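Student: Quick check, what structure comes out for this input:
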Amino acid sequence: MRTLMKNGRGQLSRAKRYVEAWQRAGPELERMRLEAIKSADTAQTIAALDGLFESAVKMFAPKPISGLVEQQRLFGRLKQ
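Tutor: Alright, predicted model coming up:
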């Protein structure tokens with residue numbers, strides 16, 4: 001029983017240290033995130049991703065119908 005209680009206290013202590021570490025790291029990580037956003041070159045990023053976007057459009061082209069026609073057909077069958 002003592003071992004179990006000791007392990008439980010150890011886990012609680014580790015959890016507290018974990019929370020404290022994230023409380024310290026959180027503001028710095030947020031500062032770094034905002035700095036990365038502010039310094040990002042949006043035009044360069046769009047140009048870099050353009051090829052990926054075009055490829056995705058070709059690979060996953062929209063279907064010629066929206067699915068609403070099929071849905072209505074199924075609802076019509078349920079009505080009968």
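Student: tell me the pLDDT at the residue nearest to the spatial centre of the chain?
Tutor: Taking CA atoms, centre = their mean, the centroid of the chain lies closest to R33, which sits 15.4 Å from it. Among the per-residue scores, R33 shows a pLDDT of 97.
Student: Could you pull up the residues touching it?
Tutor: Counting by CB atoms under 8 Å, 6 or more residues apart in numbering, R33 touches no other residue. In this view, the C-beta of every residue, glycine as well, is placed from N, C-alpha and C.
Student: what about it, distance to L49?
Tutor: 19 Å (CB to CB, to the nearest Å).
Student: How about F60?
Tutor: Taken as CB to CB, the span from F60 to L49 is 15 Å.
Student: Mind jotting down where the helices sit in the chain?
Tutor: 2-39, 42-59, 68-79 (DSSP state H).
Student: from the chain's centre, how far out does stretch 38-54 sit?
Tutor: On the basis of CA atoms, centre = their mean, to the nearest Å, stretch 38-54 sits 19 Å off its chain's mean C-alpha point.
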